[in-house]
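# quick check, what structure comes out for this input:
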Amino acid sequence: MRDNDLMILRKKITYHVSRRANLELETLLRHFWDQYGQILSFDQLRKLEKLLEIDDLDLLEMIVGLRPVSVEEWQEIIVLIRRAWNSRKLS
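All right, here's what the predicted structure looks like:
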């Protein structure tokens, strides 16, 4: 993996985080991305990229716990998204 690949992947994810049809989900994801976007590993970024491909309502329900996380490898990312959101609420 080259630095250029990582940069391109981060730009792609930044775009997908900020272009959600659901405003609540977009706000939640932007906060997560601001907090973790620059420190996620390439592997974590690839998992996030796949996670962002699912429907907004399905994703939001997984994040808030109304729906089980459908793919085991997404569990780590969902936990980080929840952690970022909870840290925002505590500040």
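# what's near enough to touch the nearest residue to L29 once chain neighbours are set aside?
Nearest residue to L29, sequence neighbours excluded (Cβ to Cβ, 6 or more residues apart in numbering): V17, at 4.5 Å. (Glycine included, C-beta is placed from N, CA and C.) By Cβ atoms under 8 Å, 6 or more residues apart in numbering, the residues touching V17 are 26, 29-30, 32-33, 52.
# cool, L25 as well?
Here L25 is in contact with 56, 59-60, 63 (Cβ under 8 Å, 6+ apart).
# I'd like to know which of those is nearest to L9.
Taking Cβ to Cβ as the measure, L9 lies nearest L59 of these, at 18.6 Å.
# quick check: that closest one touching L51?
Yes. Counting by Cβ atoms under 8 Å, L59 does reach L51; the two are 6.9 Å apart.
# what distance do you get for D56 to S87?
In this view, D56 and S87 are 23 Å apart by Cβ to Cβ, to the nearest Å.
# tell me which of those two has more neighbours.
D56 (16 against 12; other Cβ atoms under 10 Å).
# would you map the helices across the chain?
For the chain, helices defined by DSSP state H occupy the ranges 3-17, 23-36, 42-51, 56-64, 75-90.
# and the angle from the longest one to helix 42-51?
What separates the directions of helix 75-90 and helix 42-51 is an angle of 90 degrees, with axes from the mean of the first three to the mean of the last three Cα atoms, to 10 degrees.
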